[in-house]
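# Predicted model and sequence follow; I will ask about them next.
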Amino acid sequence: MIERRKFLQLSSFGIGALGLSSFASKNKVQKPIVISTWDAGIRANKAAWQVLRNNGRALDAVEQGVMVTENEKNCCVGLGANPDRDGYVTLDACIMDEFANCGSVAFLERIKHPIQVARKVMENTPHVFLVGVGAQQFALSQGFVLEKEGLSDDAKKEYEKWLKKSEYKPVVNIENKQQAYAPNKLSDGSWNHDTIGMIAMDAAGNLSGSCTTSGMGFKMRGRVGDSPIIGAGLFVDNEVGAAVATGQGEDIIRIGGSHAVIELMRQGLSPEMACKKVIERLYKVKGDKAKDIQAAIIAINKNGEYGSYCLQKGFSYAVCTSDENNVLINGKFLI
């Protein structure tokens, strides 16, 4: 059964929400527009909008936007995040612009803003993807500095709690199991949010996207999910649209999630229907195991229409189209 979208006014952020009747009547909006995953997107969208409202480039908007989340002091995206099972925080990110230029980093340690490093890879190297020590060395060569080793206070508490059982068992919708509007805080007082993906169209009609993550908390050392993989976690085709994914990265990789959405939109499907078709494909692949995971995709097409679909209820995404609104939407779900 498909859940109706619910539109929530987020007055606690000092942002007015667009009227329900006008937002519910259509998904087509005038450019520029920025949308991002989970409720962390509310804060990230505000920074991205400051770029877009001044006729800035979508690429700059999606970089500046997710940097807000990377900089938040909690067990989420960025260096304050939960570590891998060996106690180290490793970060992944990617970015892609309207010219199909793209850059990615993975298994990056002690660098505050991996999204900025990913952009440097895109602009200053002949490569797309750098990982591990090599990515860190490149970051240092570009003027980034090594941050202090060690875990944040919150992450340290979560890690010590996890060590008692040492079980790796990702939780469905862990990003969204939070106290209302408390940035990434779970109902039991703990913190866990591992990804933000953002896509935007600027006033010139050009598209860009970004994705940044700390990966699943307590993952095997060296694990990389879909977030930094162009075509899985993120894909942009300026003639068609942009898409970004979140959820169980291994399974989004299996279906080439974001690229698959773009190709379906190229065939004429709306963003929502394209996302739905790809989620249905994932459900077919996973079978009975689908109930144990979450996967979600958001997309914008060249007309400025946006949409989303997720495997299970509980996924939300944030939409911003002007100074006056920044709306959190519950995505439609398959099961």
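Received it, and whenever you're ready, just let me know what you need.
# contacts, neighbours, all on C-alpha from now
Fine.
# pretty sure Lys277 is in a strand, no?
No: in this structure, Lys277 is helix, not part of a strand, as judged by DSSP: H, G, I helix; E, B strand; the rest coil.
# just the helices in this structure please.
20-25, 40-52, 58-70, 114-124, 132-141, 153-163, 249-254, 257-266, 271-286 (DSSP state H).
# quick one, strands of the stretch 151-300 of the chain?
Secondary structure of the stretch 151-300 of the chain by DSSP state E, counting those that start in this stretch: the strands cover 195-201, 207-213, 234-237, 241-247, 295-301.
# could you give the angle of the first one to helix 40-52?
This points to strand 195-201. Using axes from the mean of the first three to the mean of the last three CA atoms, to 10 degrees, the inter-axis angle of strand 195-201 relative to helix 40-52 is 30 degrees.
# So which elements touch strand 195-201?
With contacts defined as 3 or more CA pairs under 8 Å, 6 or more residues apart in numbering; DSSP states H and E, strand 195-201 has these neighbours: strand 33-37, helix 40-52, helix 58-70, strand 207-213, strand 241-247, strand 295-301.
# could I get the ones you listed as CSV with mean neighbour count, mean pLDDT and distance to Val89?
Below are the helices and strands packed on strand 195-201 laid out as CSV (neighbours: other CA atoms under 10 Å; pLDDT from 0 to 100; distance: least, CA to CA, whole Å):
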stretch, mean neighbour count, mean pLDDT, distance to Val89
strand 33-37, 31, 97, 22
helix 40-52, 25, 96, 20
helix 58-70, 26, 97, 13
strand 207-213, 33, 98, 11
strand 241-247, 32, 97, 19
strand 295-301, 30, 97, 23
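# so which of those gets nearest Glu98?
strand 207-213 (5.3 Å; CA to CA).
# Point out the most buried one among the helices of the chain.
Of all the helices of the chain, helix 58-70 has the most neighbours on average by mean count of other CA atoms under 10 Å, namely a mean of 26.
# now for it, which elements pack on it?
Helix 58-70 sits against helix 40-52, helix 114-124, strand 195-201, strand 207-213, with contacts defined as 3+ CA pairs under 8 Å, 6+ apart.
# redo that, cut-off 6 Å
Judged by 3 or more CA pairs under 6 Å, 6 or more residues apart in numbering; DSSP states H and E, helix 58-70 is in contact with helix 40-52, strand 207-213.
# Dump these to CSV, plus distance to Ile255.
Formatted as CSV, the helices and strands packed on helix 58-70 follow (distance: least, CA to CA, whole Å):
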stretch, distance to Ile255
helix 40-52, 25
strand 207-213, 18
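# Between these, which one is closest to Val68.
Nearest of the helices and strands packed on helix 58-70 (CA to CA): helix 40-52, 5.5 Å.
# name the helices or strands packed onto that closest one?
Using 3+ CA pairs under 6 Å, 6+ apart, helix 40-52 sits against helix 58-70.
# so which of the helices of the chain comes closest to Ala204?
helix 58-70 (9.0 Å).
# contacts for that closest one?
For helix 58-70, the surrounding residues in contact (CA atoms under 6 Å, 6 or more residues apart in numbering) are 44-45, 47-48, 51, 77-78, 97, 200-202, 207-210.
# between those, which is nearest Val240?
Leu207 (9.3 Å).
# List the residues that contact the closest one.
Leu207 sits in contact with 58, 98, 200-201, 238, where contact means CA under 6 Å, 6+ apart.
# change it to 10 Å
32-34, 57-59, 62, 96-100, 199-201, 236-242, 300-302, 304 (CA atoms under 10 Å, 6 or more residues apart in numbering).
# For the stretch 101-250 of the chain, which residues score under the pLDDT cut-off?
Counting by pLDDT under 70, the stretch 101-250 of the chain has low-confidence residues at 168-193.
# Look up how far Asn301 lies from Gly307.
Look at Gly307 and Asn301: by CA to CA, to the nearest Å, they are 9 Å apart.
# tally of neighbours for Val319?
When counting by other CA atoms under 10 Å, one arrives at 21 neighbours for Val319.
# Okay, it and Ala296: tell me how far apart.
Distance, Val319 to Ala296, by CA to CA: 15 Å.
# any common contacting residues for Gly307 and Asn301?
28, 243, 270-272.
# of those residues, closest to Gly225?
Checking the shared contacts of Gly307 and Asn301 one by one against Gly225 (CA to CA), the nearest turns out to be Ala243, at 16.4 Å.
# what's the most centrally placed residue in the chain in contact with, if anything?
The geometric centre of the chain, computed from its C-alpha atoms, lies nearest to Gly197 (CA atoms, centre = their mean), at 1.9 Å. Gly197 is in contact with 35-38, 40-41, 44, 62, 65-66, 93-95, 209-213, 227, 233-234, 243-246, 297-298, 317, counting by CA under 10 Å, 6+ apart.
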